[in-house]
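Participant: return a 3D structure for these sequence lines:
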Amino acid sequence: MKNWTLGCTLLALLMAAAACTHEVLPPEKFASATGDAGKDGSLPADGESGDALGPEVDTQVATEDSADVEQDTPPDVGEDSGATDAGPTDAGSTDAEPQADGNAKDAEDIAGEDGSGGDGGPGPDGLGADGAADAADGATSDTAAPDCAKLCDDGNLCTTDDCDGESCIHTDNTLPCQDGDLCTVGDVCAGGGCKPGTPKDCSDGNVCTDDLCKSAVGCALANNATSCSDNDPCTLGDTCGGGTCKAGVPNLCDDNNDCTKDACYAGSGCKHSNVGDSCDDGDACTVGDSCANGKCTPGSKKTCDDGNPCTNDACDPTAGCTAVPTTAVCDDNNKCTNGDVCANGSCKPGAPAKCDDGNVCTTDSCNANSGCANTATTSPCDDNNKCTTSDTCKSGACAGGAAPNCDDSNDCTTDSCVPATGCAHTALANDTVCNDGNACTTTDKCNGGLCVGSGGKDCNDKNPCTLDTCANNVCGNQPT
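Facilitator: Residues are numbered from 1 along each chain as shown. Coordinates of the predicted model:
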């Protein structure tokens, strides 16, 4: 009976092991692992009928299994030398061993037959509930099952170790495992090996640490110096240091509005209140801008006259006043220059002023502030009048002097003076009585402007350096 039950069990294990890994054990190792079928714990000798599993166990099991199939009846319980006499059985039992009415015995029936008692309590042989369980698995009271888990342990957590009486069976499982990498979690067995799970989350929720993971040690945190926020709206440029967020520079809250007062409050941040001060509306062409309701109101238009006649003045809203050079006529404010002209934004002097008044009785000069100056002199001059002599400047004009002596001492001419030509001697009519100055003549008459004497002795020696006289018809020529 025990061999029939064991054969069925082994046959089922062999069929299930088709998809598992088998390791064939030496017969002596498996026999020593199964133990003695008898009460004294010793193994039967080879060739004995009994419960010891030897090399011939497969043949014996196969023979008995085939006999059972043909007869469709179990062998007599009495044939098992290790079995006790079977007692009355429960008509309601099933499984385990067939009865006369064709029903199989269950584990409790077998336990009862072995003296263990149907209620799991100890029987005559001292077997408890464990004995009943062994009987349910097809083991007899005098045969101990091998410890396959220990016998076939391959040291691999990811295989379930078992045996079928001759071979070790290592079946892949899906148990949780540890792949040796501390940076993975949820590792699970698969294909006989430990497969990594998901990456371990080392985040500590602190922006000032770099959350790292090292396979050998697990999570490792390193301080960084990145930008951060200390949750204070009144600081800017906060930076990590020593694993914490350090406050940056104060937040000035400058809104670039001249018409607001800027401030920062720890709880609410920047606040801007209106002021009534002067401001700049951003237009360079307005002046006197002022704040109103938080906004800058433009003032009056800016005057861009630079007072330079050599530039065209204008205003640009961005750049402000502009002055573009011209080439217009200008005045350099120097009275001694004429024809001044603009060049490169400034007035350039023209030609020198002409201060010569053409008056010989003035000294001509020029003063930059007052211009030409003609100062009167008392110098000799010529009034262009031939009828004056020793002309002299007076009060800026040439004044004529004394009249010239136009007497030519000729009785036969009339003496006069013409301003343009000077002295003039006009001949008298011929035969006009005259005196030729010769005392030795008597009848003197003009002829062609000359006094011609007649009737007397001519004492004229034609020497101008002698005084010719005639007295008593005697000439006298006295040196002069």
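Participant: where does the stretch 1-150 of the chain dip in pLDDT?
Facilitator: Scanning the stretch 1-150 of the chain for pLDDT under 70 picks out the ranges 1-146.
Participant: swap in 50 and give it another go.
Facilitator: Of all residues in the stretch 1-150 of the chain, those with pLDDT under 50 make up the ranges 1-20, 29, 31-142.
Participant: how about the helices in the protein?
Facilitator: Secondary structure of the chain, counting by DSSP state H: helices at 2-16, 27-34, 57-71, 107-113, 129-136, 148-151.
Participant: list the buried ones in the shortest one?
Facilitator: By that I understand helix 148-151. If you call a residue buried by 16 or more other C-beta atoms under 10 Å, then helix 148-151 has these buried ones: 148, 151. Backbone N, C-alpha and C define where each C-beta goes, glycine included.
Participant: quick one: list the elements packing against that helix.
Facilitator: Using 3 or more C-beta pairs under 8 Å, 6 or more residues apart in numbering; DSSP states H and E as the contact criterion, the neighbours of helix 148-151 among helices and strands are strand 159-163, strand 167-172.
Participant: by how many degrees do the longest one and strand 159-163 diverge?
Facilitator: In other words, strand 167-172. 160 degrees (axes from the mean of the first three to the mean of the last three C-alpha atoms, to 10 degrees).
Participant: pull the contacting residues for residue 317.
Facilitator: Each residue near residue 317 by C-beta atoms under 8 Å, 6 or more residues apart in numbering is listed here: 283, 284, 285.
Participant: counting only strands, which of those residues make the cut?
Facilitator: Among the contacts of residue 317, no member falls in strands (DSSP state E).
Participant: what's the PyMOL syntax to select whichever of the residues you listed are buried?
Facilitator: Typed into PyMOL, the next command selects the buried ones out of those (criterion: 16+ other C-beta under 10 Å):
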select buried, resi 283+284+285
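Participant: can you redo the contacts of residue 317 as a markdown table with pLDDT?
Facilitator: Formatted as a markdown table, those follow (pLDDT from 0 to 100):
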| residue | pLDDT |
| --- | --- |
| 283 | 95 |
| 284 | 95 |
| 285 | 96 |
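Participant: in a markdown table: the contacts of residue 317, plus distance to residue 211.
Facilitator: Formatted as a markdown table, the entries for the contacts of residue 317 read as follows, by distance: C-beta to C-beta, whole Å:
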| residue | distance to residue 211 |
| --- | --- |
| 283 | 54 |
| 284 | 55 |
| 285 | 59 |
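Participant: dump the helices and strands packed on helix 148-151 to JSON lines, plus mean pLDDT.
Facilitator: Formatted as JSON lines, the entries for the helices and strands packed on helix 148-151 read as follows, by pLDDT from 0 to 100:
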{"stretch": "strand 159-163", "mean pLDDT": "92"}
{"stretch": "strand 167-172", "mean pLDDT": "92"}
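Participant: got a markdown table for the ones you listed, with distance to residue 380 and mean neighbour count too?
Facilitator: Rendered in a markdown table, the data for the helices and strands packed on helix 148-151 read as follows (distance: least, C-beta to C-beta, whole Å; neighbours: other C-beta atoms under 10 Å):
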| stretch | distance to residue 380 | mean neighbour count |
| --- | --- | --- |
| strand 159-163 | 151 | 20 |
| strand 167-172 | 149 | 19 |
